[in-house]
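Enquirer: Return a 3D structure for these sequence lines:
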Amino acid sequence: MELYTLDRNYSRIDVIEEFYSVIWTERFYGDSECEVVVPLRADLFSKLAEGTLLIIDKSTEPMIIETRSIEDGRIKVIGISVLSWLNNRFVRNSVQHQKTQGASTVSRHHGEICQPRSASQCSHTAIRKQASCPGNPT
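Expert: Numbers count the residues shown, from 1 in each chain. So this is what the prediction gives:
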C-alpha cells in the first residue's frame with residue numbers, strides 16, 4: 001500500500017513511504033475516516049499538517065487531516081473523508097458576512113443570498129438575471 005499527499009487539484013504531491021500503521025476505513029453509509037501513524041521527523045511533520053489531503057493507491061476517496069498529535073515519539077494524524085467534510089458547508093447571510101434582518105432566499109444558481117428591496121428589485125447584482133431571484137419578475 002502506498003500513501004500519498006494531494007494538492008487542492010487532487011494531484012499527488014508526496015509519497016509517505018515510512019509509516020507504522022495506516023487504518024483506512026471507507027463506509028458506504030456514515031463517515032469514512034483514516035488514522036496514520038508515522039515516525040517523528042520534521043519532514044513528515046510538515047507534510048502531514050492539518051488540512052492536508054491524503055489518499056492511498058487502492059482508494060478513490062481522499063481524506064482530509066483534521067487532527068495531528070505526537071504520541072509516544074510518533075506522529076498520529078486522524079482524518080475524515082472529503083465527502084464528509086463537505087457536509088460542514090454553510091450559507092452566509094450577506095455578501096459582507098454580516099447578520100441581516102428579514103427573510104432571505106438562497107439562489108439555486110450561485111448559492112448566495114438574495115434579499116429583494118422591493119417586488120421588482122434584487123439587492124444582489126450577481127443574481128438579478130437569475131430566475132430563482134425573488135426580485136426578478138420573469
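
Enquirer: Could you report the distance from Ala49 to Thr60?
Expert: As judged by C-beta to C-beta, to the nearest Å, Ala49 and Thr60 stand 23 Å apart. (C-beta placed from N, C-alpha, C; glycine too.)

Enquirer: and what of Leu40?
Expert: 30 Å.

Enquirer: Compare those two (neighbour count), which wins?
Expert: The neighbour comparison of Leu40 against Thr60 (other C-beta atoms under 10 Å) goes to Leu40, with 13 against 7.

Enquirer: Quick check, the more buried one in contact with Arg74.
Expert: Yes. Leu40 is in contact with Arg74 according to C-beta atoms under 8 Å; the separation is 5.7 Å.

Enquirer: What is the neighbour count of Ile64?
Expert: Neighbour count for Ile64, taken as other C-beta under 10 Å: 18.

Enquirer: Pairing partners for it in the sheet, please.
Expert: Counting by DSSP bridges, Ile64 forms beta bridges with Leu53, Ile80.

Enquirer: Do I have it right that it meets Leu86?
Expert: No. Contact status for Ile64 versus Leu86: not in contact, 9.8 Å apart, counting by C-beta under 8 Å.

Enquirer: Which segments of the protein make up each domain?
Expert: Here the domain parsing of the chain from automatic domain parsing is 3-86, 91-138.

Enquirer: Where does the prediction get shaky in the protein?
Expert: 88-138 (pLDDT under 70).

Enquirer: how about the strands in it?
Expert: Ranges of strands in the chain, per DSSP state E, are 3-6, 12-16, 21-25, 33-39, 53-56, 63-71, 74-81, 105-106, 113-114, 116-118, 121-122.

Enquirer: is it possible to export those strands to JSON lines including distance to Phe45?
Expert: JSON lines is the format used below for the strands of the chain (distance: least, C-beta to C-beta, whole Å):
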{"stretch": "strand 3-6", "distance to Phe45": "13"}
{"stretch": "strand 12-16", "distance to Phe45": "12"}
{"stretch": "strand 21-25", "distance to Phe45": "17"}
{"stretch": "strand 33-39", "distance to Phe45": "9"}
{"stretch": "strand 53-56", "distance to Phe45": "15"}
{"stretch": "strand 63-71", "distance to Phe45": "8"}
{"stretch": "strand 74-81", "distance to Phe45": "6"}
{"stretch": "strand 105-106", "distance to Phe45": "41"}
{"stretch": "strand 113-114", "distance to Phe45": "40"}
{"stretch": "strand 116-118", "distance to Phe45": "51"}
{"stretch": "strand 121-122", "distance to Phe45": "49"}
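
Enquirer: Cool, thanks, signing off.
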